[in-house]
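Chemist: I'd like to go over a predicted model; first the sequence, then the structure.
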Amino acid sequence: MPFGGGSKCGCCQKTVYFAEEVQCDGRSFHRSCFLCMVCRKNLDSTTVAVHEDEIYCKACYGKKYGPKGYGYGAGAGTLSMDRGESLGIKPEENPAHQPTNNPNPSKFAQKFGGSDTCPRCSKAVYAAEKVIGAGSAWHKGCFRCAKCGKGLESTTLADKDGEIYCKGCYAKNFGPKGFGYGQGAGALAHAQ
């Protein structure tokens, strides 16, 4: 305990005395400082989520760091377009898609052989990071939809011409088009 009677608050850096102390992730906070970084709601041990040195309520943490994209809506049949700007969350931009078919494996694989090559980044794929899909070995980080960048699993995968897509993007880009396809009950689609 530092000189002054208590440890320092993880939020305001002032002394925290025992009667007002809340501990989280090895740090001490005043009860009045133990608030979500985004919405400023009071937190407790059941509602707190920690990311590095920041504390959030579970709802704000999910919006900022949780999964995003198709299928992560607010309930059955909904797709939320809220990206958290109203809560001060800056949406992350997805990096541009890299083409898949690069025939150059890594220098190590050229010299020693024996390792698979990831179709997305053309680097060697080792057993600890290998994901098999569409007949190829991929890095876990490269095993994403070529259109929207959503992480894939073997059950959510569709492939075409050596490229992998989530089922939503595959259906949108390569599925049937025209009247009555793809928009749900009662909706009209105009195919060009």
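Modeler: Right, received. Where do you want to start?
Chemist: From here on, just use CA atoms for contacts and neighbour counts.
Modeler: OK.
Chemist: For the helix or strand where Ile132 lies, buried residues please.
Modeler: In this structure, Ile132 sits in strand 130-133 according to DSSP states H and E. Buried residues in strand 130-133, counting neighbours by 16 or more other Cα atoms under 10 Å, are found at 130-131, 133.
Chemist: List of residues touching it?
Modeler: If you take Cα atoms under 8 Å, 6 or more residues apart in numbering as the criterion, strand 130-133 is touched by 137-140, 143, 154, 157.
Chemist: Of these, which is the nearest to Glu54?
Modeler: Lys140 (26.8 Å; Cα to Cα).
Chemist: coming back round to it: could you redo the buried residues of strand 130-133 as JSON lines and give each row pLDDT and distance to Cys169?
Modeler: What follows is the buried residues of strand 130-133, written out as JSON lines (pLDDT from 0 to 100; distance: Cα to Cα, whole Å):
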{"residue": "Lys130", "pLDDT": "85", "distance to Cys169": "24"}
{"residue": "Val131", "pLDDT": "85", "distance to Cys169": "20"}
{"residue": "Gly133", "pLDDT": "82", "distance to Cys169": "17"}
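Chemist: Would you reformat these as CSV and include distance to Ala49?
Modeler: Below are these laid out as CSV (distance: Cα to Cα, whole Å):
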residue, distance to Ala49
Lys130, 30
Val131, 29
Gly133, 33
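Chemist: How many residues are close by the nearest residue to Lys41 once chain neighbours are set aside?
Modeler: Counting by Cα to Cα, 6 or more residues apart in numbering, Leu35 is the residue found nearest to Lys41 once chain neighbours are left out, at 5.3 Å. Leu35: 20 surrounding residues under other Cα atoms under 10 Å.
Chemist: Can you name the residues bridging to Leu35?
Modeler: Asn42 (DSSP bridges).
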